[in-house]
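K.L.:
Model the following, please.
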Amino acid sequence: MRPRTLEGFWRRPACRLTGRSLGAAGLVAALTLQPSLASAAPIVIDGVVPDGGPDHFFLDFDVPDGTQEIEIRHDDKSAANILDWGVNDPDGYRGWGGGTSEAVVIGVTAASRAYVPGPIKAGKWRVIVGKAKVVMSPAVYHVEIDLRTSPTLTPVPRKPYQVAAPRKAELRYYAGDFHVHSRESTDATPTLEANVALAKQRGLDFIEMSDHNTITQLDFFEDIQAKEAAFLLIPGIEFTTYMGHANAIGATKWVDHKIGQPGVTIDGAADQILAQGAILTINHPALDIGDLCIGCAWKHTLDPKKIGGVEIGTGGLSKGAALFSAKAIAFWDAILDKGIKIPAMGGSDDHRAGVSNGNVESPVGSPTTLIRARELSVAGITEGIRKGATVVKLEGPTDPMCELEAAAKKGGGDALAFPGDTLGVRKIVLRAKVSGRTPGDSHQIRLVKNGIPVGDPVDVTSDPFIYETIVDAPAEGEDRWRAEVLLEGAPLTVTSHVWLKLDPTGPLAVEPATDDSGGCAVTARELAATSHGVPIAALGLVALAILRARARAR
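P.N.:
As a prediction, this is how the structure comes out:
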């Protein structure tokens, strides 16, 4: 695996931006802050982070009637410790800022990024404090709260989320990125417009906005979708905890991430995600690098039936993801071994819309996930994920495509099943078509059965290139088959699985008949016609004479 930067999701004190630096970067954005109009002296709360106990604690304060705006300034008073910050009103969630040190302003008609504007209800409010990283003791905090009777923020147009109409109505593979952050994640910088522009430039059809523990990004979808008739924004949340990060694809309702608080469990959170019709997938499950990436490796115990996919690639291979993709694929295979049919996913975890501060950030589309879907819509894409119809290009959109299908005979176009399908057979042809190779690269193709590579990889010698072999149905249970395109011996493009089971009346693939000379009865010209002009690269289980003849022909 080639080194990748993990800066997009690492939590390092050096990466934390102050309100001043964010303002200079134009990130305290679209909101004009006027001189303070506080109606009284600030509420000041100083204290020591409690040892032990849950990962989050609360600082309560009272808000009187007539309050129009609240500003909260917070400081963990440490270069080593990291505290996360959020706010609840008397009814619950009002936003989550994570580890940023920028001030929070919540008003009736406007709010800081990642926070929800709306009526300021009188009563008990809470500053939420998360113990993200406490390595120096005593760990302390300092909080100042202004309660204002007049607003200071200029309202920014927001609209309730509306499901976008289908962008395209065609059964095909659509290219996208399921792990993208906007400035509504306070450790990220780009606007939605910047992310969309980069995604379109890289040839993507959609992106999912998976901001950390917030849904405020959805307030800005409608205007963009009105301008982008052929591009799709998918709602979502990166459900970020200190024991793992999950992706709630399609989620439009906030889900409490404070695991360990009364009534807050990982299974309960998964149920809330699934109840709203969203899909829960596991992000960067093997990224276990301690405090360099707080909570990034998946350590929760969760019913695998609630998991809808695994991110086998986070960031492009050339940026270091190769260090973790093999373990992520093994994590995926371990769930599949339990009979849970879930697809491979990929996401860039881009926090900067492709603008690099060094050499480690991966841009939107690295990796790229292809979804075989009936239409380019939220319903169409999520339906494709649920079915398991995915292909992941682990470096990016220019990687070769691999289309896996099961067919009744070699050299024909009679596809019976695609990734995500379960097919009852006696014998079946597995066909993998590789296309869009980068000239000069030495790619290979292999099939993987139940997580174990079958045979030696086969060189990809043309574009497109078709690899076919006949396989038996298992005597009992189901076998899962995927295809992998390799570069320098490591997976570059990975399909999800076709599942095969025994059906005594199902298809029975047979080898093509042979002529007296030992060659295939189908002529080279006929093979070219039925294979889009490409010689068949490998004929598993074919007689040795045919293999030698084909090798000489190639």
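K.L.:
Output the helix or strand hosting residue 328 as CSV, nothing but the C-alphas.
P.N.:
Per DSSP states H and E, residue 328 falls inside helix 322-336. This file holds the C-alpha atoms of helix 322-336, laid out as CSV (Å, rounded to 0.1, in the frame of the first residue of the first chain):
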residue,chain,number,x,y,z
ALA,A,322,-2.6,1.2,1.5
LEU,A,323,-1.3,1.0,5.0
PHE,A,324,-4.8,0.1,6.2
SER,A,325,-6.8,-1.1,3.2
ALA,A,326,-5.7,-4.8,3.6
LYS,A,327,-6.9,-4.8,7.2
ALA,A,328,-10.1,-3.0,6.2
ILE,A,329,-10.8,-5.6,3.5
ALA,A,330,-10.2,-8.3,6.1
PHE,A,331,-12.6,-6.6,8.5
TRP,A,332,-15.2,-6.6,5.7
ASP,A,333,-14.5,-10.3,4.9
ALA,A,334,-15.0,-11.2,8.6
ILE,A,335,-18.5,-9.8,8.5
LEU,A,336,-19.2,-11.5,5.2
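K.L.:
list the helices and strands it packs on?
P.N.:
Helix 322-336 sits against strand 310-314, strand 490-495, with contacts defined as 3 or more Cβ pairs under 8 Å, 6 or more residues apart in numbering; DSSP states H and E. No exception for glycine: its C-beta is placed from N, CA and C like everyone else's.
K.L.:
residues in contact with it?
P.N.:
Helix 322-336 is contacted by residues 1-4, 282, 284-287, 298, 304, 307, 310-314, 317, 342, 344, 394, 451, 480, 490-491, 494, 497 when judged by Cβ atoms under 8 Å, 6 or more residues apart in numbering.
K.L.:
Mind listing what's buried along that helix?
P.N.:
Neighbour-count burial for helix 322-336 flags 322, 323, 324, 325, 327, 328, 329, 331, 332, 333, 335, 336 (criterion: 16 or more other Cβ atoms under 10 Å).
K.L.:
Next step: the contacts of helix 322-336 restricted to strands.
P.N.:
282, 310, 311, 312, 313, 314, 344, 480, 490, 491, 494 (DSSP state E).
K.L.:
hang on, residue 485 packs against residue 459?
P.N.:
No. Using Cβ atoms under 8 Å as the test, residue 485 is too far from residue 459 to be in contact (11.4 Å).
K.L.:
Can you give me the neighbour number for residue 382?
P.N.:
20 (other Cβ atoms under 10 Å).
K.L.:
For it, grab phi and psi.
P.N.:
Backbone geometry at residue 382, expressed as degrees, to the nearest 10, gives phi -70, psi -30.
K.L.:
For it, which non-adjacent residue is closest in space?
P.N.:
residue 250 (5.1 Å; Cβ to Cβ, 6 or more residues apart in numbering).
K.L.:
With residue 249 instead?
P.N.:
residue 279 (4.4 Å).
K.L.:
does that neighbour really touch residue 307, like I thought?
P.N.:
No. If you go by Cβ under 8 Å, residue 279 and residue 307 don't touch, sitting 9.2 Å apart.
K.L.:
Settle it for me: which of those two has more neighbours?
P.N.:
residue 279 (23 against 20).
K.L.:
if we can go back for a sec, for residue 485 and residue 459, indicate the residue with more neighbours.
P.N.:
residue 485 (28 against 14).
K.L.:
tell me the contacts of that one?
P.N.:
399, 400, 402, 434, 443, 444, 445, 460, 491, 492, 493, 494.
K.L.:
Which of the residues you listed has the largest number of neighbours?
P.N.:
residue 402 leads these on contacts (other Cβ under 10 Å) with 28 neighbours.
K.L.:
What average pLDDT does the strand or helix carrying that one get?
P.N.:
Residue 402 belongs to strand 401-407 when assigned by DSSP H and E. Mean pLDDT, strand 401-407: 97.
K.L.:
Listing request: residues of this protein with sub-threshold pLDDT.
P.N.:
1-39, 358-359, 513-554 (pLDDT under 70).
K.L.:
returning to what we had before: what is the most widely separated pair among the buried residues of helix 322-336?
P.N.:
Across the buried residues of helix 322-336, the longest distance by Cβ to Cβ is 22.3 Å; it joins 323 and 336.
K.L.:
Now do the same for residue 386: helix, strand or coil?
P.N.:
Assigned with DSSP: H, G, I helix; E, B strand; the rest coil, residue 386 falls in the helix class.
K.L.:
how near is the nearest residue to residue 203 once chain neighbours are set aside to residue 346?
P.N.:
Using Cβ to Cβ, 6+ apart and skipping the chain neighbours, the partner closest in space to residue 203 is residue 397 (4.9 Å). Separation of residue 397 from residue 346 (Cβ to Cβ, to the nearest Å) stands at 11 Å.
K.L.:
With neighbour numbers in mind, choose between those two.
P.N.:
More crowded of residue 397 and residue 346, by other Cβ under 10 Å: residue 346, with 33 against 20.
K.L.:
Now for that one: which residues touch it?
P.N.:
177-179, 311-314, 367-369, 392-394.
K.L.:
Let's see that with 10 Å instead.
P.N.:
Counting by Cβ atoms under 10 Å, 6 or more residues apart in numbering, residue 346 makes contact with 176-179, 309-316, 321, 325, 328, 365-370, 390-396, 494.
K.L.:
Okay, and the beta partners of it?
P.N.:
Assessed by DSSP bridges, residue 346 has beta-bridge partners residue 313.
K.L.:
correct me, but residue 92 touches residue 258?
P.N.:
No. Using Cβ atoms under 10 Å, residue 92 makes no contact with residue 258, being 11.2 Å away.
K.L.:
More neighbours: these two, which one.
P.N.:
A side-by-side neighbour count of residue 92 and residue 258, using other Cβ under 10 Å, places residue 258 first with 22 against 9.
K.L.:
quick one: that one from residue 123, how far?
P.N.:
Counting by Cβ to Cβ - residue 258 and residue 123 are separated by 20 Å.
K.L.:
Between residue 485 and residue 459, which contacts overlap?
P.N.:
With Cβ under 10 Å, 6+ apart as the test, residue 485 and residue 459 both reach 443, 444, 445, 465.
K.L.:
Between all of these, which two are at the greatest distance?
P.N.:
Longest span within the shared contacts of residue 485 and residue 459, Cβ to Cβ: 444 and 465, 10.3 Å.
K.L.:
anything in contact with each of these two?
P.N.:
Common neighbours of residue 444 and residue 465 (Cβ under 10 Å, 6+ apart) are 434, 458, 459, 485.
K.L.:
so is the last one in a helix, a strand, or just coil?
P.N.:
In the three-state summary, residue 485 is assigned as strand, counting by three-state DSSP.
K.L.:
beta partners of it?
P.N.:
Those that pair with residue 485 in a beta bridge, by DSSP bridges, are residue 445, residue 493.
K.L.:
for residue 261, what are its contacts?
P.N.:
By Cβ under 10 Å, 6+ apart, the neighbours of residue 261 are 54, 55, 56, 57, 58, 128.
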